[in-house]
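Undergrad: Show me how the following folds:
(3 chains)
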Amino acid sequence: MSDSVELLRSMLRVRRFEERCVELYSQTKIRGFLHVYIGEEAVATGVMSVLEPDDAVVATYREHGHGLLKGMTARKVMAEMYGKVTGCSRGRGGSMHLFDKENGFYGGNAIVGGGFPTAIGLALADKMLDRDRVTVCFFGEGAMAEGEWHESMNLAQLWNLPVLFVCENNLYAMGTALSRSESETNLAIKASAYEMPAWTVDGMDVLAVADAARRAVDAIRAGGGPHFLEARTYRFRAHSMFDPELYRDKEEVLKWRERDPIDLLRNALDLDDQTWQQMEDEIAAEVEDAVTFAEESPDEDVADLMLFVYSPDSSAAGRI
Amino acid sequence: MGMFLMPSLGADMDEGTLLEWMVAPGDEVKKGQVVAVVDTAKSAIDVEVFETGVVAELLIEPGTLVPVGTPLARIEVQGAGKSAPDAASVVEPARVAESVVESAPEPVAEPAPSAPLPHLAPPIRHLMHQFGLKPGDVRGSGPDGQITRKDVLAAAGESGGIAVAAAPVPTIPAPPAPPSRPRVTPRARRLAQQRGIDLNAVQTSGPVTGADVESFTPKAKTPVDRSAAMRKATAALMSRAAREIPHYYVVNTFDITATLEWLREFNAGRKPRDRVLPAVLFLRATVLAAQAVPEMNGTWEDEYVPSAGVDLGVAVATRTGGLVTPRIVAAQDLDLSGLMAHLTDLVKRAKAGRLKGGELQPGSITVSSLADNGPDLLYGVIYPPQVALVGVGGVAPRPFVVDGELAVRTTVTVTVSADHRATDGRTGARFLAALGKALTHPEEL
Amino acid sequence: MATITYREAVRQAIRTAMKDDERVFMMGEDIGAYGGCFGVSMGLFEEFGPERIRDTPLSESAFVGAGIGAALGGMRPIVEVMTVNFSLLALDQIVNTAASLSHMSGGQFNVPVVIRMTTGAGRQLAAQHSHSFDGWYAHIPGIRVVAPATVEDAFGMLGTALADPDPVLFFEHGALYNSKGELPDDAGPVDIDKAAIRRAGKDLTLITYGGTLPTTLAAAGELAGRGIDAEVIDLRTLRPLDDATFVDSVRRTHRAVIVDEGWRSGSISAEISARITEQAFYELDAPIGRVCSKEVPTPYARHMEQAAIPSAEDVVRAAEAAMRGES
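TA: Sure thing, here's the model as predicted:
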């Protein structure tokens, strides 16, 4: 039972963090593009709850929640959103390029499909170095149209790589509905064409997601090769901050909101108000602390602009 | 009191137009509630408030364009209200299927209009705003009086696309093309400037290159022409010296009777062409003094740069009445005979106008001598960028005190002009003393 | 000392690296059972096995990206992209991941991957198989771009590239594979930072790299017969550029002609020309000349292809123009 409460807490933490980001963006504290995970929390929370600390995660530009769940502090993420030097990427990446080497979080990628080859490469290294590690690659269903998905699925299966492909199917690739972009909308069937075990799960039910992920990860660790999980979910907000959502019906959104993963679990656990409020208060304090930290953090020194173009000990460092 | 501000909704959004309010003063609002519609360059968007409370005052009229961050309304914030809406919860049993046969996702319906103006979809609102139309201006022909795109266009009187008249672009007439420059390479230009060579005098078949300038020797076409150019170059250099160098002077008179006697003996056993002229004594003494006091042997460009060796400049009068100062490089390595040989050669070629490029580069110190029948004293002008000039006055018999008694001796007065940025009087004096010592101890020259 | 071909030199370098460091492995199309499209990896499959000489399907983006991921995971991969022409399919991985990751992550990740590619024209392989994109890639910050032109460099630069903490693109011009040179028995890794003077001269500087080095040296020989003493510089690395060496040369000779097999406009020859102008303007006695490929997709017919790419005659003509002070 306490595991489930932890799951609820994890989802709520992501939710409140993202909501705060929305507000900060409209106040121009966060700039560029902002893609929030609101509504989809059960997928990352469920999958990542079954991972070991040294398992690797590759994600997308909608990755703030994934980063937090992988062990990044709210401070580091918020400071990065603010573009401050104390952010995980020294403020250079922003919302779409969160990285954390220490926690095995390999980004953060603004190119749809760009993370697949990285994920299979990490898994290849694990295999060649005989490391017991799983690499999880999160992506949206839109990425399955990219050539990189097909190439990577094929290679992963061909070489029996320890990768878990998690498709967060929220039905819309930006403004394009699944039915308008995929000839085969049954995504697990698409994946299974690569001879890969492929399962579909209700992405609004975090317990179902965790269960499916556990089975997949266990199978991968036992040498069963790559697996594919399609989690059916929905983003309650627009694709990014600026999106008038002309492509979907407001009623459809309301209908999915009835299956808000946080509400679903909360009601299933029959949590008392006091416990809930305490959770909310703690999370609110953590988020506000992160905001204050970000506000007060310094910018990176412009003099360091060329730093890390190459590794600092490289003979190429500082040269063009 | 909370403020509802014009939000930033995108990376390239700087301003937005408030299209309409969905709330009025006195209305209760909850965090996350849509309270207004904002139009941007791309589309109309519903915007939400981030606080829970009561609308106190609407600050901006619909139709106003304001920058992002402008306060749009004041909200009286109440105590911590419930932030999570109480949604009716439906718990679906967890299902995990190995092979999946699910129905395809629902097709996307036409975007439904939102309260409280049920007849206006955002794109329609946007279109109307572009034409400056208000809801009352357009008659809706759709179901339930819904306004369609055709209705808007009809009301606006347009047939199709929205035309934006392009403002005429004023063109600035191009200035007339300048006459083409003579073809001189950058390097040639630089070398010519450094050496004071007039490029017009350098003639070649193709573009003038650095090599052309280096090998250029002024031809004696018309002596007048050449001397005018030389005069000009000298004038420029001397003006610069006067402008930039704060001169100070130290002067002393030396008894060179014994020295000249020594020289007579030195020359006695030598063939005429190996004989050393008195002028060389002053050159040699200057070299030794320069080595003894290196602060006087170098160049000044923002700071003093000592010269490694002594590149001795020698002022030579030319046939046309001008003055050139070719240098003897590494003069410290030459003895009296060597210096004599160089001096003779330099003077000959200087008078013939056949000096080499390297010789015309600035030396590290220069000697200007009017020793032959010249005036008593010469206050010379330093050749920039050098920091000293040795001026030698006329050699002649003069009254002099020897062992406390008045005598007639052959004397010479040497004036050292020095750059006060590089040295001060004490250093100049030391230099002059060293020079005098060398001059009066010929066996050590 | 042994006389070997450029191809053999690359092979020996790979073998040496793989024997010395078990983290090194190679991936690419037909490098294993087939022995490599250009025969570079012939014999390595038998020696090291299918795990370390790993044949891939035709999936440039995935296997170049996998090389990047494997490098992140602690290996030292060599990715062979059959030719630079196919690397376009992996451009996203090279530019948006390999080149960007270090800077973008605030220095957390470095990507020690070496990507080898065959490049260049001259063998009647037509438009889609004859590109010279070495200079194009040299535009991108975050990667190194090297172009060995000699046997010694083909061997020595690969070892250094593999020890480099950052991505290195290693360009092997197809016309060089059969060229022969001497390799000392104790040859080791060589520097990848500096250009090399292949022929000293005082009248003008010819600057080139990779496959056009032989052409440029041939032109220098012809020029010597005509009384023009040309200095020939082999750039060896295109990013970062060793401008100190070629600028110093131009300061001595006062004239420069750049020979580059890329298309002229916006090519790396333009960058080199700009740097010379910036750093040695007042030393120039002639406009800086460029001999590049004509701006056409490479044609198949032999005489047309030869007319399109830089020839020794083109270089001689450009050099003589420079001596006259013309471009």
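Undergrad: what's the weakest-modelled helix or strand in chain B?
TA: strand B:96-97 (a mean of 34; mean pLDDT, DSSP states H and E).
Undergrad: Tell me the spacing between the closest residue to residue A:307 other than its chain neighbours and residue C:142.
TA: Once flanking residues are discounted, residue A:307 sits nearest to residue C:107: 6.9 Å by Cβ to Cβ, 6 or more residues apart in numbering or on different chains. C-betas here are computed from N, CA, C, even on glycine. Distance, residue C:107 to residue C:142, by Cβ to Cβ, to the nearest Å: 12 Å.
Undergrad: mind listing what the residue in the stretch 301-445 of chain B positioned nearest to chain C touches?
TA: Chain C sits closest to residue B:357 of the stretch 301-445 of chain B, with a gap of 15.3 Å, by Cβ to the nearest Cβ. By Cβ atoms under 8 Å, 6 or more residues apart in numbering or on different chains, residue B:357 lies in contact with B:191, B:195, B:213, B:214, B:215.
Undergrad: please redo it, this time with the cut-off set to 7 Å
TA: Taking Cβ atoms under 7 Å, 6 or more residues apart in numbering or on different chains, we find residue B:357 in contact with B:195, B:214.
Undergrad: picking up where we left off before, surely the residue nearest to residue A:307 touches residue A:309?
TA: No - using Cβ atoms under 7 Å, residue C:107 is not in contact with residue A:309, being 9.7 Å away.
Undergrad: Point out the residues in the stretch 201-327 of chain C that sit beside chain A.
TA: residue C:240 (Cβ under 7 Å from any Cβ of the partner chain).
Undergrad: can you pull out the helices in the stretch 201-327 of chain C?
TA: C:213-225, C:243-253, C:268-280, C:302-308, C:312-323 (DSSP state H, counting those that start in this stretch).
Undergrad: just the helices in the chain please.
TA: Looking at chain A here, since you left the chain open. A:2-26, A:41-48, A:64-69, A:74-81, A:115-128, A:147-158, A:178-181, A:187-192, A:206-219, A:250-257, A:261-269, A:273-296 (DSSP state H).
Undergrad: nope, chain B
TA: Using DSSP H, helices in chain B cover B:122-131, B:149-156, B:186-195, B:210-214, B:223-244, B:257-268, B:278-292, B:336-352, B:425-439.
Undergrad: Mean pLDDT added to these, as TSV?
TA: As requested, the helices of chain B are exported to TSV (pLDDT from 0 to 100):
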stretch	mean pLDDT
helix B:122-131	71
helix B:149-156	76
helix B:186-195	87
helix B:210-214	90
helix B:223-244	77
helix B:257-268	93
helix B:278-292	94
helix B:336-352	88
helix B:425-439	95
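Undergrad: so can I have TSV of these showing mean neighbour count?
TA: Shown next, in TSV, are the helices of chain B (neighbours: other Cβ atoms under 10 Å in any protein chain shown):
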stretch	mean neighbour count
helix B:122-131	19
helix B:149-156	16
helix B:186-195	18
helix B:210-214	19
helix B:223-244	14
helix B:257-268	14
helix B:278-292	24
helix B:336-352	17
helix B:425-439	19
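Undergrad: To chain A, which of the ones you listed lies closest?
TA: Of all the helices of chain B, helix B:122-131 comes closest under Cβ to the nearest Cβ, at 5.5 Å.
Undergrad: related to what we said a few turns ago, okay, the helices of the stretch 201-327 of chain C in JSON lines with mean neighbour count and mean pLDDT next?
TA: Shown next, in JSON lines, are those (neighbours: other Cβ atoms under 10 Å in any protein chain shown; pLDDT from 0 to 100):
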{"stretch": "helix C:213-225", "mean neighbour count": "20", "mean pLDDT": "97"}
{"stretch": "helix C:243-253", "mean neighbour count": "19", "mean pLDDT": "94"}
{"stretch": "helix C:268-280", "mean neighbour count": "19", "mean pLDDT": "97"}
{"stretch": "helix C:302-308", "mean neighbour count": "14", "mean pLDDT": "94"}
{"stretch": "helix C:312-323", "mean neighbour count": "21", "mean pLDDT": "97"}
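Undergrad: a markdown table for the ones you listed, including distance to residue C:175?
TA: As requested, the helices of the stretch 201-327 of chain C are exported to a markdown table (distance: least, Cβ to Cβ, whole Å):
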| stretch | distance to residue C:175 |
| --- | --- |
| helix C:213-225 | 8 |
| helix C:243-253 | 23 |
| helix C:268-280 | 19 |
| helix C:302-308 | 12 |
| helix C:312-323 | 13 |
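Undergrad: Tabulate those helices in a markdown table, adding columns for distance to chain B.
TA: As requested, the helices of the stretch 201-327 of chain C are exported to a markdown table (distance: least, Cβ to the nearest Cβ, whole Å):
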| stretch | distance to chain B |
| --- | --- |
| helix C:213-225 | 18 |
| helix C:243-253 | 10 |
| helix C:268-280 | 9 |
| helix C:302-308 | 29 |
| helix C:312-323 | 10 |
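Undergrad: For residue A:14, find the nearest of those helices.
TA: helix C:268-280 (46.8 Å; Cβ to Cβ).
Undergrad: hang on, the earlier thing: looking at the helices of the stretch 201-327 of chain C, which is nearest to residue C:10?
TA: Where the helices of the stretch 201-327 of chain C are weighed against each other on Cβ to Cβ, the nearest is helix C:213-225, at 16.1 Å.
Undergrad: Which residues does that closest one contact?
TA: Against helix C:213-225 from outside (Cβ under 7 Å, 6+ apart): C:149, C:198-199, C:206, C:208, C:230, C:232, C:234, C:259, C:310-312, C:315-316, C:319.
Undergrad: Out of those, who's the most crowded?
TA: The most neighbours of any of the contacts of helix C:213-225, using other Cβ atoms under 10 Å in any protein chain shown, belong to residue C:206, which has 34 neighbours.
Undergrad: can you pull the contacts of it?
TA: Residue C:206 touches C:216, C:219, C:220, C:230, C:231, C:232, C:233, C:257, C:259, C:315, C:319, counting by Cβ under 7 Å, 6+ apart.
Undergrad: Chain C - how does it break down into domains?
TA: If you go by automatic domain parsing, the domain ranges for chain C are C:2-183, C:196-323.
Undergrad: who does the closest residue to residue B:69 other than its chain neighbours bridge with?
TA: Leaving aside its sequence neighbours, residue B:69 sits nearest to residue B:5 (Cβ to Cβ, 6+ apart; 5.5 Å). Beta-bridge pairing of residue B:5, defined through DSSP bridges, involves residue B:71.
Undergrad: residues near residue B:5, how many?
TA: 19.
Undergrad: ok, it to residue B:198 distance?
TA: Taking Cβ to Cβ, one finds residue B:5 at 71 Å from residue B:198.
Undergrad: next one: residue A:9
TA: On the measure of Cβ to Cβ, residue A:9 and residue B:198 end up 88 Å apart.
Undergrad: Then residue B:269?
TA: As for residue B:269, its distance to residue B:198 is 47 Å (criterion: Cβ to Cβ).
Undergrad: out of the two, which sits in the more crowded spot?
TA: Legend: neighbour count by other Cβ under 10 Å for residue B:269 and residue B:198, higher for residue B:198 (16 against 8).
Undergrad: for the more buried one, phi and psi?
TA: In terms of degrees, to the nearest 10, the main-chain angles of residue B:198 are phi -80, psi 120.
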